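Engineer: Sharing a model that was predicted from the sequence below.
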2 protein chains.
Amino acid sequence: MSNARRKQPEVVRRRLLDCAEALAVERGLAGITVQAVADAAGVTKGGLFHHFPTKQALVEGMVADLLHRLDREIDAAIEKDPEPRGSFTRAYVDSVFVGREFGFDTPWAALSVAMVAEPHLRRLWAGWLDERQHRHQDTDDDPMLEVVRLAVDGAWLSVTIREGEAASDIAELRQRLIGLTRR
Amino acid sequence: MSNARRKQPEVVRRRLLDCAEALAVERGLAGITVQAVADAAGVTKGGLFHHFPTKQALVEGMVADLLHRLDREIDAAIEKDPEPRGSFTRAYVDSVFVGREFGFDTPWAALSVAMVAEPHLRRLWAGWLDERQHRHQDTDDDPMLEVVRLAVDGAWLSVTIREGEAASDIAELRQRLIGLTRR
DNA sequence: AGCCAGATACCAACCACGCGGTATGTTTCC
DNA sequence: GGAAACATACCGCGTGGTTGGTATCTGGCT
């Protein structure tokens, strides 16, 4: 039965991805070693390699997971938005700013660290962006909206760089960006 | 005299920094190993360690050099700008977009790769930003200008991620951002 | 001017260590 | 019982860093 089972592979797998993400944020991409991730997840190295055949698979799995979470988050935000024009861009804004008041524990933080450094990961990221941008081209294809999205990237970078220490008032900046998507 | 092959330590030092930068761009930050940098510069590993006592010193030296070049570039652009309001922000814009038509060989490309990945480098970068932002607060302290600067960061990230392949028309985007700094 | 001592700029070989990865057990689930 | 889910121990290799030596430059003394 499922009441007191001791081994839960999918739980371990999740914890591995989460720990990899956390390590990428606080110790940089260099700190995301197989050993460190395994230790943080309370598993031995061999145990890790049972779930991910190679380190690259681990990192790509983490990125894929993050992108997937980001997808769902954005889709949900779009659905709630009554106004179609710029809905993707607004969802994009909130994907970075929501939950940003304390610390920086959104998917983005880990993405930043991982993606920019390794070239082959950049392509995954660029591909995601292209796909998303193409999908929303009839609601979000506007010069000003593009500027807003770029500013979001910049803001995310700024927050990541300052490690959560709020630069200027983040809530105010968010309001301003949201406002720019209407007009 | 200076016709024969003299020993020019500062030339070698420069070449080491340049090669480190180039490697960071094309192979990612993981590709910037002491051996690789030394080889690319035509020097042995021992020779490199004569100029930089440790790898961290090498990377920090590279970053410091890049920031210094960026400083001069921006200062020069500000001086040419007749209108004081937003002059720093415009210089900031051009520091990314000028020379971007072909490839991506500006200081920024290497900065991106190096800075985001390692936490202690992020602090250097954040410090530079804070200092610069504080220095120009009476000409560039404006909500819209802040948005523009963030968009610049985002654009730079985008260009870096796509490895030079022009996303939307870069020249047009630059014009738009410059336009937003006026008004 | 010429020479010499010492500092500078490099090279070549080496080392300890941590990395990603593997092979082989041992326990737990169905 | 047999497969899945781990643990343990080990390996080759590349890494950052060191050591000791060798050219090469520089400045001062005679």
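Structural biologist: Here it is on my side, so go on. Numbers count the residues shown, from 1 in each chain, chains lettered A, B, ... in the order given.
Engineer: which residues touch the spatially closest residue to residue A:52 that is not a sequence neighbour?
Structural biologist: Leaving aside its sequence neighbours, residue A:52 sits nearest to residue A:58 (C-beta to C-beta, 6 or more residues apart in numbering or on different chains; 4.2 Å). All C-beta atoms are positioned from the backbone trio N, CA, C, and that covers glycine. Taking C-beta atoms under 8 Å, 6 or more residues apart in numbering or on different chains, we find residue A:58 in contact with A:16, A:20, A:34, A:37, A:48, A:52.
Engineer: do the same with residue A:51
Structural biologist: A:9, A:12-13, A:16 are the contacts of residue A:51 under C-beta under 8 Å, 6+ apart.
Engineer: do that again at 6 Å, thanks
Structural biologist: residue A:13 (C-beta atoms under 6 Å, 6 or more residues apart in numbering or on different chains).
Engineer: is the least confident helix or strand in chain A by mean pLDDT up against DNA strand C anywhere?
Structural biologist: Every helix and strand in chain A was compared by mean pLDDT, DSSP states H and E; the lowest is helix A:107-117, with a mean of 76. No - under the criterion of C-beta under 7 Å from any atom of the strand, helix A:107-117 makes no contact with DNA strand C; the nearest approach is 12.9 Å.
Engineer: contacting residues around that helix?
Structural biologist: Contacts of helix A:107-117 with the rest of the structure, by C-beta under 6 Å, 6+ apart, involve A:21, A:24-25, A:29, A:66, A:69-70, A:96, A:121-122, A:125, A:156, A:160, B:28-29, B:112, B:116-117.
Engineer: Check the offset of that helix from the chain's centre.
Structural biologist: Distance of helix A:107-117 from its chain centroid, counting by C-alpha atoms, centre = their mean, to the nearest Å, is 7 Å.
Engineer: close to DNA strand D, is that helix?
Structural biologist: No - using C-beta under 7 Å from any atom of the strand, helix A:107-117 stays clear of DNA strand D, with a minimum separation of 14.0 Å.
Engineer: now the angle between helix B:107-117 and that helix, please.
Structural biologist: Helix A:107-117 runs at 130 degrees relative to helix B:107-117, counting by axes from the mean of the first three to the mean of the last three C-alpha atoms, to 10 degrees.
Engineer: following helix A:107-117, which helix or strand shows up next?
Structural biologist: helix A:119-135 (DSSP states H and E).
Engineer: which parts of that next one are buried?
Structural biologist: Of the residues in helix A:119-135, A:119, A:121-122, A:124-126, A:128-129, A:132-133 count as buried by neighbour count, 16 or more other C-beta atoms under 10 Å in any protein chain shown.
Engineer: near chain B too, which of these?
Structural biologist: Residues of the buried residues of helix A:119-135 in contact with chain B (C-beta under 6 Å from any C-beta of the partner chain): A:119, A:122, A:125-126.
Engineer: Between those, which sits nearest DNA strand C?
Structural biologist: Distance to DNA strand C, by C-beta to the nearest atom of the strand, is smallest for residue A:119 among these, at 16.8 Å.
Engineer: for the closest residue to the closest one other than its chain neighbours, what are its contacts?
Structural biologist: Among residues not flanking residue A:119 along the chain, residue B:28 sits closest, at 5.0 Å (C-beta to C-beta, 6+ apart). By C-beta under 6 Å, 6+ apart, the residues touching residue B:28 are A:117-119.
Engineer: 7 Å instead?
Structural biologist: Neighbour list for residue B:28: A:117-119, B:113 [criterion: C-beta atoms under 7 Å, 6 or more residues apart in numbering or on different chains].
Engineer: Roughly how far does it sit from residue B:109?
Structural biologist: Distance of residue B:28 to residue B:109, given as C-beta to C-beta, to the nearest Å: 11 Å.
Engineer: With residue A:114 instead?
Structural biologist: According to C-beta to C-beta, residue A:114 stands 18 Å off from residue B:109.
Engineer: Which of the three states applies to residue A:83?
Structural biologist: Secondary structure state of residue A:83, per DSSP: H, G, I helix; E, B strand; the rest coil, is coil.
Engineer: Equivalent analysis for residue A:183, please.
Structural biologist: Of the three states, residue A:183 takes coil under three-state DSSP.
Engineer: What sits closest to it if chain neighbours are left out?
Structural biologist: Per C-beta to C-beta, 6+ apart, closest to residue A:183 is residue A:144, 7.2 Å.
Engineer: so which helix or strand takes in that neighbour?
Structural biologist: helix A:143-161.
Engineer: now that helix, how far from the centre of its chain.
Structural biologist: 14 Å.
Engineer: same question for that helix, mean pLDDT?
Structural biologist: Mean pLDDT, computed over helix A:143-161, is 89.
Engineer: Show residues contacting that helix.
Structural biologist: Residues contacting helix A:143-161 (C-beta under 7 Å, 6+ apart): A:86, A:89, A:92-93, A:96, A:100, A:104, A:108-109, A:112, A:167, A:173, A:177, A:180-181, B:122, B:125-126, B:147, B:150-155, B:157-158, B:168, B:176.
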